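Colleague: missing the sequence, but the structure's below:
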């Protein structure tokens, strides 16, 4: 008999079906046995009247523990007194596929760390399944948008001979007789694609940051979403692309999952207006100054997390918008390959996108001229030899280009009002977590 998913049961009243799933709960009474069974599509009540089938089934049901894997065959019957869909299944046969050990190691009151220790069990919770269904919808929408606009997908190497961003936060790897590093981003390879004439590329893949932070927004391995486009006039072209892209994604999430997100997480998915508000870094500091807040000096002109939250609150109050682009970051906090405008060489044609107080994107127009790149790399104190393969991309005619990197788990965290990226990562990696 073909398997039936629980969500399909309302259309099968009076029919005999086979369901497969996990025991959510059991009530073993004197005359009746009630089993709540769960699959990835929902919950259903199944019932067994003691003595109606045979004593072996009665005894078997009495021994089944929560989270055991089951296969049940029975008739779907209407019952308006049942809260789970006004129906139930009258069991005609039951097969215990795999008995769960008694005494589950976690429950709904367990700490996040305990839940991460037993992640496969934690992921059985319907709200966690929904997180990754949302992630799937989001990634499908991303690819649709890019395909519609003629993008090419690339897969860049994650083992590198030199850092892709800076000398900090690197994971070192012994590589035969030499040294290698795990990629911090696909940045150099996105730009290589521009030099190759690919025009528009994207990548969804893992990146690695040896960041010792234990904050709610940091992890040491995460999925980065990267985009690069050629023939841009400025970083404004990149921002216009991203805001249209994000609007497309959120429209799809709202359409496909909005009701479930509201019911499960109490969050309304808002499709943003375009264009998003924009403020320069200088303007951002002025806004914060008017609030009596001064960004700490160690930021070297960048915003700290508190500054980002305050700025986002200001934008929400003034424009009624969850997003804001902060533009024109100083050269002190941007890498050597960000283009510096002629009229103000102390800043860069770069931006961050802040969503509800959290930075989710860093982007920029890139420097495409070999001699300027060499000069700016030297100013940053970089040794040219390890990155010469990258610099060579700009020796033989490279178009003006730009792009952005977007954090997938940060998107889910902000969208669902989660407290930490740990909650929306399939299996989290951090400074003190390398298992499961």
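Modeller: Good, I have the coordinates. Everything numeric here is computed off the predicted structure, so don't read it as measured data. Numbers count the residues shown, from 1 in each chain.

Colleague: Break the protein into its domains for me.
Modeller: The record's domain split for the chain, according to automatic domain parsing, is 6-98, 119-424.

Colleague: Pop out the phi and psi values for residue 295.
Modeller: Note on residue 295: its backbone torsions stand at phi -70, psi 130 [degrees, to the nearest 10].

Colleague: quick one: contacts for it?
Modeller: Taking C-beta atoms under 8 Å, 6 or more residues apart in numbering as the contact definition, residue 295 lies against 285, 288, 301-304, 307. In this view, the C-beta of every residue, glycine as well, is placed from N, C-alpha and C.

Colleague: what's the distance between residue 133 and residue 347?
Modeller: Computed with C-beta to C-beta, to the nearest Å, the distance linking residue 133 and residue 347 is 41 Å.

Colleague: got it, and residue 63?
Modeller: Here the criterion is C-beta to C-beta. By it, residue 63 lies 70 Å from residue 347.

Colleague: Which one's more surrounded, these two?
Modeller: A count of neighbours by other C-beta atoms under 10 Å puts residue 347 above the other of residue 63 and residue 347, at 21 against 11.

Colleague: coming back round to it: most packed of the domains of the chain?
Modeller: domain 119-424 (a mean of 17; mean count of other C-beta atoms under 10 Å).

Colleague: any chance of the domains of the chain in a markdown table, plus mean pLDDT?
Modeller: As requested, the domains of the chain are exported to a markdown table (pLDDT from 0 to 100):
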| stretch | mean pLDDT |
| --- | --- |
| domain 6-98 | 97 |
| domain 119-424 | 96 |
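
Colleague: quick one: which of the ones you listed is nearest residue 108?
Modeller: Comparison of these against residue 108 by C-beta to C-beta identifies domain 119-424 as nearest, at 8.1 Å.

Colleague: Quick one: end-to-end distance for that closest one.
Modeller: Terminal residues of domain 119-424 lie 12 Å apart, using C-alpha to C-alpha, to the nearest Å.

Colleague: residues in contact with residue 84?
Modeller: When contacts are counted by C-beta under 8 Å, 6+ apart, residue 84 is found next to 36, 42-45.

Colleague: Let me fix that, I meant to ask about residue 315.
Modeller: The contact partners of residue 315, by C-beta under 8 Å, 6+ apart, come to 277, 279, 321, 323-324.

Colleague: helix or strand for residue 241, which one?
Modeller: Residue 241 is located in helix 235-265, with elements delineated by DSSP states H and E.

Colleague: Direction included, what does the helix or strand just after that helix pair against?
Modeller: Towards the C-terminus, the helix or strand next in line after helix 235-265, according to DSSP H and E, is strand 278-280. Sheet neighbours of strand 278-280, with direction, are listed as strand 323-327 (parallel) (DSSP bridges).

Colleague: And the contacts of the strand it pairs with?
Modeller: Outside strand 323-327, the residues that touch it by C-beta under 8 Å, 6+ apart are 235, 239, 243, 246, 272, 276-281, 284, 303, 311-312, 315, 350-355.

Colleague: Helices of the chain, residue ranges please.
Modeller: Listed in chain order, the helices of the chain (DSSP state H) span residues 55-63, 112-117, 119-122, 126-148, 187-195, 235-265, 281-290, 305-319, 370-379, 388-391, 408-415.

Colleague: okay, the ones you listed in a markdown table with distance to residue 161 next?
Modeller: Conversion of those to a markdown table gives the following (distance: least, C-beta to C-beta, whole Å):
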| stretch | distance to residue 161 |
| --- | --- |
| helix 55-63 | 59 |
| helix 112-117 | 34 |
| helix 119-122 | 34 |
| helix 126-148 | 29 |
| helix 187-195 | 11 |
| helix 235-265 | 28 |
| helix 281-290 | 33 |
| helix 305-319 | 33 |
| helix 370-379 | 16 |
| helix 388-391 | 8 |
| helix 408-415 | 27 |
